[in-house]
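> Next one to model:
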Amino acid sequence: MKRIVIAGSGFGGLAAARALRLKVPRETDILLLSPRPELLYYPGLIWIPTGLRTPADQVISLSAFFRKYRIRHLPETLVGVEDGGRAVVTDKGRHSNDALLIATGSASLRKLPGIEHSRSICQGLEDAVAIRDRLAGMESGTIAMGFAGNPNEPSAVRGGPVFELLFGVDTWLRKHGRRNKVNLTFFSPAAEPGNRLGPKAVKTLLQEMARRNIPTHLGAKLQSFTPNEVITEAGRFPADMIIFTPGLKGPDWISGTALPASPGGFIKAGKTCQVEEWPGTYVAGDCGAYPGPEWMPKQGHSADLQADTAAGNIASYLSGKRGTREFRVELVCVVDSLDSGTFVYRTPTRNILLKSSFFHGAKTYFERRYLARYR
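Numbers count the residues shown, from 1 in each chain. Below you'll find the model as predicted:
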C-alpha cells in the first residue's frame, strides 16, 4: 500500500488532501501531520477586532473532514526531512512515505528592534483578540498600521490584511462616533505599498486613505518601535497602538535540512510544485518559492491552486508517470472595509480592479462556502 504524507493543515495541506483522495486509489494511505486537527481561517482575522467575527468562528474542527476523506491525522510538528524526502521527522517520531507534500506555511521576520510593542493581524488569534480588546477601550489617541517585506524575496509580503483592517477600523470608528478622537496612520518602507496588486490598485488604495483622512509615511526604512512611537530613517511619529505585519521568511525547520532554499529561506520548487531535484517531494503554499512574476502572491487562493497541481502530479508520480501539470499564476482578493470592498484580479496578462458595496457581501459568502467543505 502506498503512503502519502502531507505536512500542514492550512489551505495548501487541506486542499491537497481533498484532491488526493479523489485522484489516488482508494487503498492509498494519506497521513496528515499538523499540531492540531483544525483549520485557522486567517482571512477572517481582519473581522475579529471590529466584532464581525469571534475567535470561535475562525477555528474549524477537521474531525468530520478527516473521516469523510479517510485522512489519518497525527498531532505532530514537522522538524526535518530525510532520505531525499522519503522520510519526515517530527517532534514525536519518524514517518516513511512514497510521496510527500510540504505545506507548513511561512514564518515572520521579527527582527526589528521594539517589535514586541506591536501586534500583527496575520500573527494569529491571540494578536487579533488583543487588537480587539485594545480598540474597544480606546477613546482617543493614534493607531499606526503598516507592513514591510523581505528584502531577499520580493514576493514574501502580506499587505492585503493590513489594508483591510485599516479601512475596517476606520469604518467601525466612524460608526461608533470615535473617529474624530482616534487618529489612524499608515506606514510602510515601500514607496508604493500594495504594488503586487497592480499600479492602479496602489493609486486607488492611497486615494482611499486620503479620502478617509489617513496620513501616510512611505518609503523610509523602519528603524524601531517604542511603546508609543514608530521610528523611521525619515523621522518618527506617535502611535498609541502599533499594528505591524513584517515580511515573511521560510519556516525555521528548513535550515536544518538538505532542501534547496531560496534567498528568503523558502523551499525552491518548479511550476509543477515538485521540489527542485527531489522527485516525489512537493510543496504548496507559503513555504515554497516558485518561478513566476515578481508580484506572484502568497495567499490562500494561490495555495489552493498549487495544492491541486501538486496532488495531480503526485498521483501521476505514484503510478509511474511524470507529473507535468503546472499551477496557474493568479491573484484574486477583495480588500474589505466592513461595508464595501475592492475586488482585485491579476494574471500575467490582465489586471482588473472594481469597487462596490457588493464585494463585502461577496467576501462573507465566499467564507461560508469555503469553510463548508471542511466542517
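
> What's the separation between the nearest residue in space to Phe186 that is not next to it in sequence and Thr185?
Closest residue in space to Phe186, ignoring its immediate chain neighbours: Thr216 at 4.9 Å, by Cβ to Cβ, 6 or more residues apart in numbering. For glycine as for every other residue, the C-beta is placed from the backbone atoms N, C-alpha and C. As defined by Cβ to Cβ, to the nearest Å, Thr216 lies at a distance of 7 Å from Thr185.

> center of the chain - which residue?
The centroid of the chain falls nearest to Gln299 when counting by Cα atoms, centre = their mean (4.8 Å).

> any chance you could map the strands in the stretch 51-200 of the chain?
Using DSSP state E, counting those that start in this stretch, the strands of the stretch 51-200 of the chain run over 59-61, 72-75, 78-82, 87-90, 94-96, 99-102, 107-108, 118-119, 141-147, 182-188.

> Direction included, what does the last one pair up with?
In the sheet, strand 182-188 lines up against strand 141-147 (parallel), strand 216-218 (parallel) (DSSP bridges).

> if we can go back for a sec, Asp339 is nearest to which of the strands of the stretch 51-200 of the chain?
strand 182-188 (16.4 Å; Cβ to Cβ).

> in that closest one, what's buried?
Val182, Asn183, Leu184, Thr185, Phe186, Phe187, Ser188 (16 or more other Cβ atoms under 10 Å).

> Repeat that for stretch 283-297.
Buried residues in stretch 283-297, counted by 16+ other Cβ under 10 Å: Val283, Ala284, Gly285, Asp286, Cys287, Gly288, Ala289, Tyr290, Trp295, Met296, Pro297.

> Test my guess that the first one contacts Asn313.
No - look at Val283 against Asn313 with Cβ atoms under 8 Å: they stay out of range, at 11.3 Å.

> Show me the common contact partners of these two, please.
Common neighbours of Val283 and Asn313 are listed as Cys273 (criterion: Cβ atoms under 8 Å, 6 or more residues apart in numbering).

> what sits against Val59?
Contacts of Val59 (Cβ under 8 Å, 6+ apart): Glu38, Leu39, Leu40, Tyr41, Leu125.

> Next, count neighbours for Pro113.
12 (other Cβ atoms under 10 Å).

> swap that for Arg350, sorry
Quick note: Arg350 (other Cβ under 10 Å) scores 9 neighbours.

> Phi and psi next, for it.
The phi/psi pair for Arg350 (degrees, to the nearest 10) reads phi -140, psi 150.

> quick one on the thing from earlier: out of the strands of the stretch 51-200 of the chain, deepest packed?
The highest mean neighbour count among the strands of the stretch 51-200 of the chain, using mean count of other Cβ atoms under 10 Å, belongs to strand 99-102: a mean of 29.

> So what's the gap between that one and the chain middle?
20 Å (Cα atoms, centre = their mean, to the nearest Å).

> Contacts for it, please.
Here strand 99-102 has contacts from 2, 4-8, 12-13, 16, 78, 81, 85-86, 88, 267, 275, 280-284, 287-288, 307, 310-311, 314, 317-318, using Cβ under 8 Å, 6+ apart.
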